[in-house]
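Undergrad: show me how the following folds:
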Amino acid sequence: MVPKLSKSAYLFIIFLIIIPLTKSQLVIDPALLPKQLLFSLFTLVLSFFVLFDNAGKKNIVSTSGYFIFILIGIFILISSVSIFNAINQGEAIAEWLRTSNNLILIPLGYFALKKTNQTDLIKFLSIAVSVVTLIVVLSGLFRFAGLLISEEYGHQLTYKINVTFGHRNLYSQFLLLCMPFILMGIILFKTRLRLFLIILSFFIVLLITVLLTKSVWISLIAAIVQTFILGVFLIRDKKIKKHIIPASIFFVAIIISTIILIKLTSVETFTKQTYFIENYKHGSSLERVNLWEKSLQIFKESPVFGIGQAGWKIYIPKYGTKEMHSSEGNIHFQRPHNDFLWILTENGIIALFLYLIIIGAFYFYAFSNLFKVKTFKDKALSITLLFGLTSFLIISFFSFPKERVEHTFYFYTILILILLTQREENKVKKNISPLAIKRIVVITAIILSAATLVVTTIRIKSEIHTLNALELKSKSSWKGVIKEVNKAESYFYKTDPTATPLCWYSGSAYFNLGDKKNAYDQFKKAYTIHPNHVHVLNNLATSYELNGLHDSAIVLYKRAIKISPGFVDPYLNLCAVYFNTGQIDLAYEILMKIDPENSSQKYEDYLITVIKEKIRLLKNTVNERVLSLRLEAITISDDWMLVIHQHSIENNSDIETQLIEEAIYSLEEIDKAITHIEAENFRKKYIKKE
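TA: Reported below is the predicted structural model:
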């Protein structure tokens, strides 16, 4: 007999399959907004299904469910306060709606799935997730095999394997979040289907290993260790130990075998990954630590209610990017790679405290249920749910799964199952009836999902036009850029996925068209949206300079240099400001601060121009004609000036001293135009000894 599910449960399962596989090339991030749109549509439809579904069991709310629902409601309200602190309130509202709509799935899903037999429900969920897992695993394996034909296996190759998730790390994380559902199927099913799920779990671990995502490695190992400990030390039933221990050894064996495979394929690649796990002062691990330290500095600016949703990416550049990938101004960090710090900085300490209480409560319910249930099946399911809970939390500590709909969808489904599998709980004894609780949840879900659906639709439309603008920008079609940006800009979408204000693109387009006034206006507007964006600072400073506002230009150029010390443009532009205002020494000092590794032809041109002016001023202090003419001769050769500049660096001397020394040396040693005594007299007269 085929188990019967409620309509709400069927809808839940259908979208559990569809959402992770959704992507669109019409937007910049093919995975984020399309999945968010589909998820908001799902929660809206599910809300109405739950509202009108009165069949089956009565609407009983457990005490644990009631407590969680209250906490979620408070969290949503508290986090909304941070909107008022946000620089871009439209984008803050969009982010708050997205987060709140995701969270409301927990109580909404609780009511949607409660009326279905738990064993039947878990079986269906396991089958649904196994379908998704099979598709993404096969896609990943085919992609991996195809790349190995033409490329050598290594760290960079793995970034090309992302399936429908936009990034290798997100793909690897999703595979791990599928594992609890596969394990529950292994526990509940028998014969062929069970064997299929075991094989599927093997390929999940295999892919996780070859994808080289350190955070997922750590999460998987921690979850396996937790499972092993619970099986051995907390469960006394011999029958259960008989199943738990081999299962743990099975996963350990898979990891060991795949590690051996990696070592045989690329010892250096694997060694680097494990080294960076152990040594956080190197590579991407160091960069994460730097981001976390800067995030704590951001937290201090507004500790109670946070800086506002979607604000971290605006504030983070202010604390500098020295020795980071973003130091050259080409990369813009969007997240702290730690969801707990993300909540702390944007929503404040109260919101984080509430979030931790919610997570702690689920841990408590899962562990307490582990001691309440009696059968092997129920205990094994509880341990598996804890496997998923721990996996997600560790990933959250090193990454940003809360941003990704499919990750939160699967995680919240695990949380819903923790609530649904609670034992020996009674109906809530409160002044409010369970039916009233259900209606509050549904009405809240309808409002949030409808609003999220509308806002996400607007943002998708904006991102489509933004993508068009970027393509036109690459072709230098400036009028087209302006037209597309005007269509893209909205109250809810002012920056692209790199946190670059859209009006910066239109400002750059106006500037390239020679329309300095409109460019100036757009850059000023961009500054109000993102006052710490190095390109905005650099271009607005240039507009200030063109309008004769030298002091304002200097301030912004210095800010840009402080934020991104590896970004050359503000150095050169500041040099030009100093040069044009007759501050030649300052102009040269700025050029000296540029890392030689970032030098370019433009840098050399600026350097030569400044040195020529230095020589002109130096000549005015020289009375001897022969020395003055030799200084003049130096200006004729660009290569000679660059060599002298390099010698001044090597000798740790100022450029004027080096110019005099080179001129005297060439007169005495090369041309024999002056005697040694004359050369020494020149040195005594013009070279100051320290």
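Undergrad: could you use CA atoms for every contact and neighbour count after this?
TA: OK.
Undergrad: what residue ranges in the chain score low on pLDDT?
TA: 1-3, 54-60, 233-284, 323-329, 424-433, 689-690 (pLDDT under 70).
Undergrad: go again with 80.
TA: For the chain, the stretches with pLDDT under 80 are 1-4, 53-62, 148, 151-155, 191, 231-286, 321-332, 423-435, 596-599, 688-690.
Undergrad: tell me which element residue 97 falls in.
TA: Applying DSSP states H and E as the criterion places residue 97 in helix 89-103.
Undergrad: quick one: residues in contact with that helix.
TA: Helix 89-103 has contacts (CA atoms under 8 Å, 6 or more residues apart in numbering) with 36, 40, 43, 72, 76, 79-80, 83, 86, 308-311, 402-403, 405, 408-409, 412, 445, 448-449, 451-452, 455-456, 491-494.
Undergrad: just the buried members of the residues you listed?
TA: 36, 40, 43, 72, 76, 79-80, 83, 86, 308-311, 402-403, 405, 408-409, 412, 445, 448-449, 451-452, 455-456, 492-494 (16 or more other CA atoms under 10 Å).
Undergrad: the lengthiest helix in the chain: how far from the chain's middle?
TA: Longest helix of the chain, by residue count under DSSP state H: helix 434-474. Put simply, helix 434-474 sits 20 Å off its chain's centre (CA atoms, centre = their mean, to the nearest Å).
Undergrad: got the angle between it and helix 89-103?
TA: 130 degrees (axes from the mean of the first three to the mean of the last three CA atoms, to 10 degrees).
Undergrad: ok, back up a step: okay, the angle between the helix or strand that the helix holding residue 97 is followed by and helix 434-474?
TA: Using DSSP H and E, the next helix or strand after helix 89-103 towards the C-terminus is helix 105-113. Angle, helix 105-113 to helix 434-474, by the same axes, to 10 degrees: 120 degrees.
Undergrad: restricting to C-alpha, output helix 105-113 in CSV.
TA: Coordinates of each C-alpha in helix 105-113 appear next as CSV, following Å, rounded to 0.1, in the frame of the first residue of the first chain:
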residue,chain,number,x,y,z
LEU,A,105,9.3,28.0,7.0
ILE,A,106,10.0,26.3,10.3
PRO,A,107,6.6,26.9,11.9
LEU,A,108,4.8,26.8,8.5
GLY,A,109,6.5,23.5,7.6
TYR,A,110,5.6,22.2,11.1
PHE,A,111,1.9,22.6,10.4
ALA,A,112,2.2,21.5,6.8
LEU,A,113,3.9,18.2,7.7
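Undergrad: helices or strands next to it in the packing?
TA: Packing partners of helix 105-113 (3 or more CA pairs under 8 Å, 6 or more residues apart in numbering; DSSP states H and E): helix 7-18, helix 32-52, helix 405-420, helix 434-474.
Undergrad: so which of those helices comes closest to residue 133?
TA: Taking CA to CA, helix 7-18 is the member of the helices and strands packed on helix 105-113 nearest to residue 133, at 9.3 Å.
Undergrad: the closest one vs helix 105-113, what angle?
TA: Going by the same axes, to 10 degrees, helix 7-18 makes 130 degrees with helix 105-113.
Undergrad: same list (the helices and strands packed on helix 105-113) but as JSON lines, adding distance to residue 174.
TA: Listed next are the helices and strands packed on helix 105-113 as JSON lines, based on distance: least, CA to CA, whole Å:
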{"stretch": "helix 7-18", "distance to residue 174": "13"}
{"stretch": "helix 32-52", "distance to residue 174": "14"}
{"stretch": "helix 405-420", "distance to residue 174": "6"}
{"stretch": "helix 434-474", "distance to residue 174": "23"}
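Undergrad: tell me which of the ones you listed is the most buried.
TA: helix 405-420 (a mean of 23; mean count of other CA atoms under 10 Å).
Undergrad: helices or strands up against that helix?
TA: Checking 3+ CA pairs under 8 Å, 6+ apart, helix 405-420 ends up next to helix 32-52, helix 89-103, helix 105-113, helix 168-188, helix 349-372, helix 376-398.
Undergrad: can you do 6 Å?
TA: Contact here means 3 or more CA pairs under 6 Å, 6 or more residues apart in numbering; DSSP states H and E; on that basis helix 405-420 packs against no helix or strand.
Undergrad: need the residues that contact it.
TA: 20, 106, 110, 366, 401, 402 (CA atoms under 6 Å, 6 or more residues apart in numbering).
Undergrad: quick check, nearest of the residues you listed to residue 180?
TA: Nearest to residue 180 among these, with distances taken as CA to CA, is residue 366, at 13.9 Å.
Undergrad: dump the residue contacts of that closest one.
TA: By CA under 6 Å, 6+ apart, the neighbours of residue 366 are residue 418.
Undergrad: distance of it from residue 346?
TA: 29 Å (CA to CA, to the nearest Å).
Undergrad: now residue 202
TA: 39 Å.
Undergrad: make TSV out of the contacts of helix 405-420 and add distance to residue 677.
TA: As requested, these are exported to TSV (distance: CA to CA, whole Å):
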residue	distance to residue 677
20	84
106	91
110	97
366	92
401	76
402	77
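Undergrad: identify the farthest-apart pair in the residues you listed.
TA: Longest span within the contacts of helix 405-420, CA to CA: 20 and 366, 26.1 Å.
Undergrad: quick check: closest non-adjacent residue to the residue nearest the centre of the chain.
TA: When CA atoms, centre = their mean is applied to the chain, the residue found nearest the centroid is residue 335 (3.9 Å). Spatial nearest neighbour of residue 335, chain neighbours left out: residue 313 (6.4 Å); criterion: CA to CA, 6 or more residues apart in numbering.
Undergrad: my guess is that neighbour is in a strand, correct?
TA: No: under DSSP: H, G, I helix; E, B strand; the rest coil, residue 313 falls outside any strand and is assigned helix.
Undergrad: wouldn't it be in contact with residue 334 here?
TA: Yes: with contact defined as CA atoms under 6 Å, residue 313 reaches residue 334; the gap is 4.7 Å.
Undergrad: more crowded one of these two?
TA: A side-by-side neighbour count of residue 313 and residue 334, using other CA atoms under 10 Å, places residue 313 first with 21 against 15.
Undergrad: for residue 500, see how far away the more buried one is.
TA: 10 Å.
Undergrad: for residue 501, what are phi and psi?
TA: With angles defined as degrees, to the nearest 10, residue 501 sits at phi -60, psi 140.
Undergrad: gap between it and residue 133?
TA: Where residue 133 is concerned, residue 501 sits at a distance of 37 Å (CA to CA).
Undergrad: and residue 153, what element?
TA: Residue 153 belongs to no helix or strand, assigned by DSSP H and E.
Undergrad: that one and residue 166, how far apart?
TA: 20 Å.
Undergrad: check residue 294 too.
TA: Per CA to CA, residue 294 is found 26 Å from residue 166.
Undergrad: same check on residue 552?
TA: 41 Å.
Undergrad: same check on residue 8?
TA: From residue 8 to residue 166 the distance is 30 Å (CA to CA).
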